[in-house]
Each structure stands twice: as structure tokens, then as C-alpha cells.
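J.: A predicted structure for the sequence below; I have some questions about it.
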Amino acid sequence: MIVIYDATRAARYADLLERLIPHSADYRLIPCTTREEAARHVGEAEILFCWRFPTDLLAGAGRLRWIQAMGAGVEDLVAAPVPPGVVVTRVEGLFGTPMSEYAFAHMLAHAQQLPRLYAAQAERRWDPFRPQTLSGRRLGVAGVGSIGLEVAARGKAFGMEVWGLARTPGARPHVDRLFTPDEVREFTAGVDYLVSTLPDTPETRGLIDPEAMKEGALLINMGRGATLDEGAILRAVRSGRIRAVLDVFAVEPLPADHPFWTEPGITVTPHLSGLNRLDAVAAYCAENLRRFERAEPLRGVVDRARGY
């Protein structure tokens, strides 16, 4: 049995997977959208395809052999009581394009001062000024995995100098200079644009200090909200030191009374930078299922000790 859990899209995923798996009749595909449905079926499941599964239910998943997360983030599964011997995989290679496009949309808006232009047009006011270019600016990418490297590649295409921050040293494609965590302050203070794609692990939480960024820099966080201190972001923005674009938050949805909503120097977006087509995610899961059946190496195997 394959249990497919997603609070809003489980039936759609099940429909796509039935078309993509040639012998889907050999499996019982059980779409679940609620905790109650998941609780009824998880004990029989051998395979779980899921997004934001109620992880406490895994303690009763005695037949489970493999969990495929239908996204890149797996901090919930890393912390969960996953039964011994169960392999956990995540989606890799699908999010680099939309997330890098998200980052550069906001970087270009910042450089070209698009809000200023929109305001001037709304007021029918002629407001000539000299916008910036990205070319010649320094881009810092915190987290140079597959997503971060796509951001770096686009930075080079725009003529930017690219700095990277990674857990381990070594050359990376499209990265002019690589920093490790013990060099994070130099990295943070030296870039004009800082894009974070960091996962949520004990090592990444609080690693980057927004108050240490250079004057006039733009912070874009599309990794995980818990990696940055929200109070430090507010202080850095309110001091006029930086501006910030935030797609991820410590608590989601972002509470209506959160000060980020009304802070002029902060742009809030509802965790949409990595949204991908359901058919692409379903195809990824189906391909990994074929590998699972053939006892071939799975894509996106999670190292639970590292947290991703």
C-alpha cells in the first residue's frame, strides 16, 4: 500500500501517480487529506508519499519501508519517530529554477527601485533618478546545494561577483569565493545581496546575523524561517541598514499581528518561491518508485544526522 498525504492535493497526486506508474493496480494508492484518514491507513502502508505528514503517527507505521517527502524541506521528518530501517527521501532538482527566478525578481526590483517608479506613476509625477545594475555587485549565496548553485549561475549571467557559504570547503561551480561557517561574519558583511537557501538544522539557526550586513544590502530568505532571528531582521531593517524579502517564517502562516506585515522595508511573500507543478513532483515520485522496485539507489536520500 502507498499512502499519499497532502492536506489539499492528495487526490490530485493519486490521479497523476496512477497514470505514471504502469502497474499502479499492483498497489493500493490511498490519498489522505486529514489526520484521521492518515491514522486509519498508516499502519498498513509500506510506502508513504507525503507533505507535512502528522509525524507522531509514524510510531504506528510498522510495515513502512520508505518515506518520500513531496518537497525539499524535511526538518519535520528528521525530527520524527521514523521506524528503524525506513529510508527517507526528498525532492531534489525541481526547485532551482523557480527559486532563483524569485530571488532575481526581487533583486532587480531593488536595483531598479520599482516601488518608487510605481508610486510616481500612481501620482502622475515625473521622478528621474539613476537606478543601479546588478552587474559588478556582489551576491552572497548562503547554502550552495542544487538551489543555491542555480542562484549563483544566474548571478554570474548578470555579471555579479558570487560568494558562497557552505558547510564544507572546496570549489563550487559559478562561485568566485567560498566561505565556511567560521568565516560567516566576513561573508555576511561583504555582500550587496544575500540570498539564503539554508535548511533548518541546529548548525544553521542564527548562523547569519542580519545586523552584520553592509549598509544598503538586500536580504532574501527563501530557505527556512528558523534559520534567521526575526528580531534581528526587524532591528536591521528599522535602523535603515538593510531591506529584506522574506518568503519563509518561523511560524507559517505568518500571524496577522506580526510586525513584518506593516514594516516598510520588508516584503512578505507566502512561501511561494519554491512552488512547483504537481505533475513534476508526481513524476519524480514515480521515478523514485521505479528505482525502489529495482533496488537501485534512490534520488534525494536524506542524511538524518545532517538534517537534509
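T.: Ah, there it is.
J.: my read: Arg137 touches Gly190, true?
T.: No. Assessed by Cβ atoms under 8 Å, Arg137 is found out of contact with Gly190, at 11.5 Å. In short, each C-beta sits where N, CA and C put it, glycine included.
J.: the residue nearest to Met1 when sequence neighbours are not counted - how many residues pack around it?
T.: Distance criterion Cβ to Cβ, 6 or more residues apart in numbering; nearest residue to Met1, sequence neighbours excluded, is Arg28 at 4.5 Å. Using other Cβ atoms under 10 Å, Arg28 has 13 neighbouring residues.
J.: try Tyr193
T.: Neighbour tally, Tyr193, other Cβ under 10 Å: 25.
J.: next, give phi and psi for it.
T.: Per-residue torsions, Tyr193: phi -130, psi 130 (degrees, to the nearest 10).
J.: so who does it touch?
T.: For Tyr193, the contact set (Cβ atoms under 8 Å, 6 or more residues apart in numbering) comprises Met107, His110, Leu134, Arg137, Arg138, Leu139, Gly140, Met160, Ala217, Leu218, Ile220.
J.: before we move on, the earlier item: ok, the residue nearest to Met1 touching Ile4?
T.: No. Here Arg28 does not reach Ile4: they are 10.6 Å apart, not a contact under Cβ under 8 Å.
J.: show me where this structure has strands.
T.: 2-5, 29-32, 47-50, 66-69, 87-89, 138-142, 161-165, 177-179, 193-196, 217-221, 242-246, 266-268 (DSSP state E).
J.: pairing partners for the third one, with directions?
T.: The one in question is strand 47-50. As defined by DSSP bridges, the strand partners of strand 47-50 come to strand 2-5 (parallel), strand 66-69 (parallel).
J.: what separates the first one from the chain centre, distance-wise?
T.: The gap between the average C-alpha position of strand 2-5 and the chain average comes to 23 Å, counting by Cα atoms, centre = their mean, to the nearest Å.
J.: kindly report the same for the last one.
T.: Mean C-alpha position of strand 66-69 versus that of the full chain (Cα atoms, centre = their mean) differs by 18 Å.
J.: can you tell me the centre-most residue of the chain?
T.: The structure's the chain has its C-alpha centroid closest to Gly223; by Cα atoms, centre = their mean the separation is 4.2 Å.
J.: need the pLDDT of that residue.
T.: Confidence at Gly223, expressed as pLDDT, is 97.
J.: is it in contact with Thr197, as I believe?
T.: Yes. Shown here, Gly223 and Thr197 form a contact pair, counting by Cβ under 8 Å, at 4.6 Å.
J.: ok, back up a step: most tightly surrounded among the strands paired with strand 47-50?
T.: Stretch with highest mean neighbour count among these: strand 2-5 (a mean of 27; mean count of other Cβ atoms under 10 Å).
J.: contacting residues for Gly164?
T.: Applying Cβ under 8 Å, 6+ apart to Gly164 gives the contacts Gly140, Val141, Ala142, Val144, Gly148, Ala152, Arg172, Val175, Arg177, Leu178, Phe179.
J.: that older thread, can you tell me how far the residue nearest to the centre of the chain is from Ala39?
T.: Per Cβ to Cβ, to the nearest Å, Gly223 is found 31 Å from Ala39.
J.: okay if I get the strands of the chain as JSON lines plus distance to Leu234?
T.: What follows is the strands of the chain, written out as JSON lines (distance: least, Cβ to Cβ, whole Å):
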{"stretch": "strand 2-5", "distance to Leu234": "35"}
{"stretch": "strand 29-32", "distance to Leu234": "39"}
{"stretch": "strand 47-50", "distance to Leu234": "34"}
{"stretch": "strand 66-69", "distance to Leu234": "31"}
{"stretch": "strand 87-89", "distance to Leu234": "35"}
{"stretch": "strand 138-142", "distance to Leu234": "19"}
{"stretch": "strand 161-165", "distance to Leu234": "23"}
{"stretch": "strand 177-179", "distance to Leu234": "25"}
{"stretch": "strand 193-196", "distance to Leu234": "16"}
{"stretch": "strand 217-221", "distance to Leu234": "12"}
{"stretch": "strand 242-246", "distance to Leu234": "9"}
{"stretch": "strand 266-268", "distance to Leu234": "8"}
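J.: which one of these lies closest to Arg116?
T.: Proximity to Arg116, assessed across these by Cβ to Cβ, is greatest for strand 242-246 (12.5 Å).
J.: where does the chain have low pLDDT?
T.: For the chain, no stretch is flagged by pLDDT under 70.
J.: mind giving me the domain ranges of it?
T.: 2-93+276-293, 96-268 (automatic domain parsing).
J.: Arg306: which of these is closest?
T.: Closest of the domains of the chain to Arg306 is domain 96-268, at 6.9 Å (criterion: Cβ to Cβ).
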